[in-house]
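Asks: Here you go, sequence then predicted model.
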Amino acid sequence: MTQTRAARRSTVLATLLVALIAALLTPGRASAASLQEVTGFGANPGALRMFRYVPDGLPAGRPVVVALHGCTQDAPGYGTGSGWIQLADRWGFSVVLPQQTTANNASSCFDWFQSGDIERGQGEAASVAQMVDRQLADVGGDASRVYVTGLSAGGGMTAVMMADYPEKFAAGGIVAGLPYGCAQAAGSPWVCMYVGATQTAKQWGDRVRAARPAYTGPWPTLTVFQGTADYTVKPVNMTDLMKQWTDVHGADQTADVSDTVAGYPHQVFRDAAGNMAVETYSITGMGHGQPVDPGSGTAQCGAAGAYLLDVNLCAAYRLGLAWGLSAG
């Protein structure tokens, strides 16, 4: 009887040890606990929710990425599906994940078209800015390396943040999104999305400059991803984003680099000093959504799903390269 009990204890201890080792070695298992909701991040005039992801053991002085989901999505799902949480673990940065509420918008779209939400110090734009301040304070992040990106309505809100708070963001990444002030220029958000607004590059740029009249720069650089078969946000919006932000940077609208990345047309527009101002990816045949490339390869990230489209190119990875996040 004594030997049997001892044998059982040994078996239980061995089982627990194996489970502990498996927990430590299973990728992503421990890091999932770092996804959390943050409350009390400021006055929150836009009545948004704040989620964040901080890899275990992240040191101070690391970059921060703000990732804004699209309509019908939520913050945790977008953070995982887009690949940003995966890359945060790989490269060592934290992620802020704002979330819209159905009380604000029935489809959970960020209100990139509402004047009360797209002006500095007001509404949803102010709420996102307060999230950035809270994150920097809590994790000791590098205020000179904060980036903002988003899909669709989240892309529209990305343009808002770049225009309203250019001092907070080194760069932005807009996926199937809209230029700043597009709804006002077109007369409605639907015309903006489905047709576009008739504006010159200077008129587009003036809308950004009007958001911060006393600001003299530097302005965030911009990378845009757009599907050529997107019938929700027409590809003309990528052209208009290029016009808007090249004008803001004092660059012309002639590409300095025209090549392909993963088989897709890619262009770079440089300013007078030769620095990248705007970069565009035209994803041939892709509809409305975020480009992802699921897998474990070096350039792969994300998971396919609704509005998360496997096109063998991960937008988050390409943005991370452009922003120097891969330096780790």
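Replies: Thanks, I have it.
Asks: For the nearest residue in space to residue 39 that is not next to it in sequence, give me its contacts.
Replies: Spatially, and ignoring its direct neighbours in sequence, residue 39 is nearest to residue 50 (7.5 Å; CB to CB, 6 or more residues apart in numbering). C-beta coordinates here come from the backbone N, C-alpha and C atoms, glycine included. Residue 50 makes contacts with 37, 38, 39, 41, 96, 97, 98, 99, 131, 134, as judged by CB atoms under 8 Å, 6 or more residues apart in numbering.
Asks: which of these are buried?
Replies: Neighbour counting by 16 or more other CB atoms under 10 Å classes 41, 96, 97, 98, 99, 131, 134 among the contacts of residue 50 as buried.
Asks: Once you drop chain neighbours, what's closest to the first one?
Replies: Spatial nearest neighbour of residue 41, excluding adjacent residues (CB to CB, 6+ apart): residue 134 at 4.0 Å.
Asks: Check the one you found and give its pLDDT.
Replies: pLDDT recorded at residue 134 is 98.
Asks: so is it in a helix, a strand, or just coil?
Replies: Here residue 134 is recorded as helix under DSSP: H, G, I helix; E, B strand; the rest coil.
Asks: That one and residue 81, how far apart?
Replies: Residue 134 sits 24 Å away from residue 81, going by CB to CB, to the nearest Å.
Asks: now swap in residue 54 and tell me
Replies: Counting by CB to CB, the gap from residue 54 to residue 81 is 19 Å.
Asks: who has more neighbours, these two?
Replies: Taking other CB atoms under 10 Å, residue 54 and residue 81 do not tie; residue 81 has more neighbours (26 against 21).
Asks: What's the separation between the more buried one and residue 272?
Replies: The gap separating residue 81 from residue 272 is 39 Å, by CB to CB.
Asks: cool, and residue 109?
Replies: Remark: distance between residue 109 and residue 272 (CB to CB) = 37 Å.
Asks: more crowded one of those two?
Replies: residue 109 (21 against 10).
Asks: Show the pLDDT at that one.
Replies: At residue 109, pLDDT is 98.
Asks: my guess is it meets residue 71, correct?
Replies: Yes. Between residue 109 and residue 71 there is a contact at 4.0 Å, judged by CB atoms under 8 Å.
Asks: what residues are shared contacts of the two?
Replies: Common contacts of residue 109 and residue 71 (CB under 8 Å, 6+ apart): 152, 153.
Asks: re earlier: partners of the residue nearest to residue 39 in the sheet?
Replies: Beta bridges link residue 50 to residue 38, residue 98, judged by DSSP bridges.
Asks: On the three-state scheme, residue 317 is what?
Replies: helix.
Asks: now do residue 258
Replies: strand.
Asks: neighbours of it, just the number please.
Replies: 11.
Asks: what sits against the spatially closest residue to it that is not a sequence neighbour?
Replies: Closest residue in space to residue 258, ignoring its immediate chain neighbours: residue 267 at 5.2 Å, by CB to CB, 6+ apart. Residue 267 sits next to 255, 257, 258, 279, 280 when contact means CB under 8 Å, 6+ apart.
Asks: Can you list the residue ranges for helices in the stretch 101-250 of the chain?
Replies: 123-139, 153-164, 182-186, 189-194, 201-211, 236-248 (DSSP state H, counting those that start in this stretch).
Asks: of all the ones you listed, which lies closest to residue 294?
Replies: Comparing the helices of the stretch 101-250 of the chain by their distance to residue 294 (CB to CB), the top pick is helix 153-164, with 20.4 Å.
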